[in-house]
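K.L.:
Structure of the sequence below:
(one chain, ligands or ions: 2)
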Amino acid sequence: MNLMDDKNRVVIFDTTLRDGEQSPGASMNLDEKVRIATVLEELGVDVIEAGFPIASNGDFEAVAEVSRVIRSSAVAGLARAARKDIDRAWQALSGAARPRIHTFISTSPLHMKFKLQMEPEAVHQAIIDSVSYARNLCADVEWSPEDGSRSEHDFLCRCVESAIRAGAGTINVPDTVGYAVPEEFGALIAMLKNRVPNIDKAVISVHCHNDLGLAVANSLAAVDAGARQVECTINGLGERAGNAALEEVVMALRTRQDRMPYATGINTEVITRASRLVSTITGFPVQPNKAIVGANAFAHESGIHQDGMLKHAGTYEIMTPESVGLNRSTLVMGKHSGRHAFRAKLKELGFELGDNALEDAFRRFKELADKKKDVFDEDLVALVDDEVVRSNERIRFVSLQVIAGSKGPQRADLELEIDGRAQATTATGDGPVDATFKAIKALFPHDARLQLFQVHAVTAGTDAQAEVTVRLEENGKTVNGQGADTDTLVAACRAYLHALNKLLTKRQKTAPAALTA
Ligand code: KIV
Ligand code: ZN
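P.N.:
Ligands and ions are numbered 1, 2, ... in the order given. Purely as a prediction, here's the structure:
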């Protein structure tokens, strides 16, 4: 059997930028969304759900910009079953090479009664109206019965049949609250295939949440039962416990072809880079033992395992690190390396920087090579990520001098450039981090509250770069900032400034009136 037969091709629909962004604290700005979308396209994702255009102006702009930039993947915009939502989504998608409108409404008794406060008949009519309206605008329409896994089967079948008749080419069945178990969810898909008379006119999709840790298992059970689109996110990001992790779905399909002879269009070698980028931008670290992309996913600790690996990698490795784009840490360059080699190395790591960004990154590389004996790939990734997230900042880091140690008070002398003007101050605090953050507050007064402060070493060794994540909250809006440096306090200061700059951008964006229904 040819694995690339269309009937065995599984469409990968990535919703990192929409459902993933709904993770508390995972908000991303426009540039960040475009960067992620670009890597998703390189990864070979078939459909990128770029946002929910009516939810905010920021979401609208993100869908519009991703639509302009992305050429080979389809770009989807989410819309409730309302004309104003669908119009807004269509407007945002106007520049897309392959636009898709994704419209949804709840179909479970619980959601219809308490959330929508609508009778099933009215919901059924809204499905016909919204899907036909969307289909008149856009050739590619996806429809989702929200809370589909807890919907009554007879009603669900009727809604799916009507949505297909109204023009939906993809029917996406969500396990919205992550309640299903694999056998049951597979049976639900099989039931739809058996009972909906026009089901062969649509692609069946699934969208599984991970509340019970079953999102990937449920998605795979659904594929086995006939689903041919899986909705997922990088690192399993998403509302509450997240969505099915793209990397796990794709690598399970690829590794277990004997049991699941289905193909995706994913270039798996881009997985590690996509995972790192999403983690850096959102500030959500990947747990070390996370499947496929965790730091320990390909590490072999015990003597017995190491011995087995030396004799035959297959003894303990079911897929190669290279297949997911993980190259063993290699010493890259020292302080004598030139621009040429630096540019070539960045290219190998997947970064194509413009001249100015390259120059800045090269300068910081030289500084790093002066301080740090060995410069590894991971160091360069952290350095470039740090450089890229910092473009267009109003508040810029200039210098920091800190007095730390057990004989307090700890003191921070900080110099910043705010809107192009150099400013400096000194602050004391309860520890060096507190002193540093107080100095920032003195130079740029604000009311944001610190919600998270996290430090992670990029490589091993005492001279490793520290990668710090800071989460700030202001009037219910949360942002994450990142900073990397061999000096943990400088990294902390950069991370705080990054978050603060994002908050300033967020303040300028006004959201439209709250959503109803
Ligand atoms: O979880 C869910 O039901 C959703 C829908 C909008 C597809 O995210
Ligand atoms: Zn969802």
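K.L.:
Can you give me the buried ones in the helix of greatest length in the chain?
P.N.:
In the chain, assigned by DSSP state H, the helix with the most residues is helix 488-508. Taking 16 or more other C-beta atoms under 10 Å as the neighbour-count basis, helix 488-508 is seen to contain the buried residues 488-503, 505-506. Backbone N, C-alpha and C define where each C-beta goes, glycine included.
K.L.:
How about stretch 82-102?
P.N.:
With burial defined by 16+ other C-beta under 10 Å, the residues of stretch 82-102 counted as buried are 82, 85-90, 92-93, 96, 98-102.
K.L.:
cool, and stretch 209-220?
P.N.:
Under the neighbour-count criterion of 16+ other C-beta under 10 Å, stretch 209-220 has 209-211, 214-220 buried.
K.L.:
still on that earlier bit, may I ask which two of the buried residues of stretch 82-102 are separated the most?
P.N.:
The largest distance within these, taken as C-beta to C-beta, falls between Ala82 and Arg98 and amounts to 23.9 Å.
K.L.:
ok, which stretches of the stretch 351-500 of the chain are strands?
P.N.:
Listed in chain order, the strands found in the stretch 351-500 of the chain under DSSP state E, counting those that start in this stretch are 395-403, 410-418, 421-429, 449-457, 466-474, 477-485.
K.L.:
The fifth one - contacts with which helices or strands?
P.N.:
Meaning strand 466-474. Secondary-structure packing of strand 466-474 (3 or more C-beta pairs under 8 Å, 6 or more residues apart in numbering; DSSP states H and E): strand 449-457, strand 477-485, helix 488-508.
K.L.:
Would you mind writing the CA trace of the first one as PDB?
P.N.:
Listed in PDB are the C-alpha atoms of strand 449-457, where the atom choice follows Å, rounded to 0.1, in the frame of the first residue of the first chain:
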ATOM      1  CA  ARG A 449       2.600  42.800  39.100                       C
ATOM      2  CA  LEU A 450       5.200  40.100  38.800                       C
ATOM      3  CA  GLN A 451       3.500  36.700  38.500                       C
ATOM      4  CA  LEU A 452       6.400  34.500  37.500                       C
ATOM      5  CA  PHE A 453      10.100  34.500  37.600                       C
ATOM      6  CA  GLN A 454      11.900  31.500  36.200                       C
ATOM      7  CA  VAL A 455      15.500  30.700  35.500                       C
ATOM      8  CA  HIS A 456      16.800  28.000  33.200                       C
ATOM      9  CA  ALA A 457      20.400  27.200  32.200                       C
END
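K.L.:
Other residues contacting it?
P.N.:
The contact list for strand 449-457, computed with C-beta atoms under 8 Å, 6 or more residues apart in numbering, reads 25, 283, 285, 433, 437, 464-474, 478, 480, 488, 491-492.
K.L.:
Kindly report the residues of the stretch 51-200 of the chain close to ligand 1.
P.N.:
Taking C-beta under 6 Å from any ligand atom as the criterion, the stretch 51-200 of the chain approaches ligand 1 at residues 104, 144, 146, 172, 174, 176.
K.L.:
Can you tell me which of these are buried?
P.N.:
For these, buried by 16+ other C-beta under 10 Å: 104, 144, 146, 172, 174, 176.
K.L.:
Could you tell me whether the second one really is in a strand?
P.N.:
Yes. Under DSSP: H, G, I helix; E, B strand; the rest coil, Ser144 sits within a strand.
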